[in-house]
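In: Next come a sequence and a model predicted from it.
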Amino acid sequence: MEMVRIVERVGFAEGKMAKHALLATGRCQLDLYCLRPGQAQTPHAHPDQDKVYYGVEGTGRIRVGSEEQRLEPGTAVLAPAGEEHGLANDGSAPLVVLVFLAPPPRH
């Protein structure tokens, strides 16, 4: 069994959003995104992958398609395959988000 302590993996980067791989199989992947205030994920789409964002700490703005919502601790947002999506920390505190992707990217 693989287990990860999320709190031990939180870490930020200076110039851009920090992305930490946590767990993965051939069918799914779990990442941790850490954004300082003002940092953002460039809007993009995955043609064959669904992505779920789950707010852990802080608040931010998430866009899926043309719809935009607040992402807060305890909330989850689905970005279905093919829909453009992006995340931004427009708050004053760090933003920590769990991100589940299925299937995982082919690297």
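Out: Alright, I've got the coordinates. Residues are numbered from 1 along each chain as shown.
In: so where do the strands sit in the protein?
Out: For the chain, strands defined by DSSP state E occupy the ranges 18-24, 29-35, 50-57, 60-64, 67-71, 76-79, 85-88, 95-102.
In: Just put the ones you listed in CSV and tack on distance to Gly11.
Out: Every residue, glycine included, has its C-beta placed from N, CA and C. Below are the strands of the chain laid out as CSV (distance: least, CB to CB, whole Å):
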stretch, distance to Gly11
strand 18-24, 6
strand 29-35, 6
strand 50-57, 13
strand 60-64, 17
strand 67-71, 19
strand 76-79, 22
strand 85-88, 17
strand 95-102, 10
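In: To Arg5, which of those lies closest?
Out: strand 18-24 (9.8 Å; CB to CB).
In: hmm, who's touching that closest one?
Out: For strand 18-24, contacts defined as CB atoms under 8 Å, 6 or more residues apart in numbering pick out 2, 4, 6, 9, 11-12, 29-35, 98, 104.
In: Now flag whichever of those is closest to His85.
Out: For the contacts of strand 18-24, the closest approach to His85 (CB to CB) belongs to Tyr33, at 12.2 Å.
In: how close does the closest one get to Met1?
Out: Tyr33 is 24 Å from Met1, where distance means CB to CB, to the nearest Å.
In: Alright, calling it a day.
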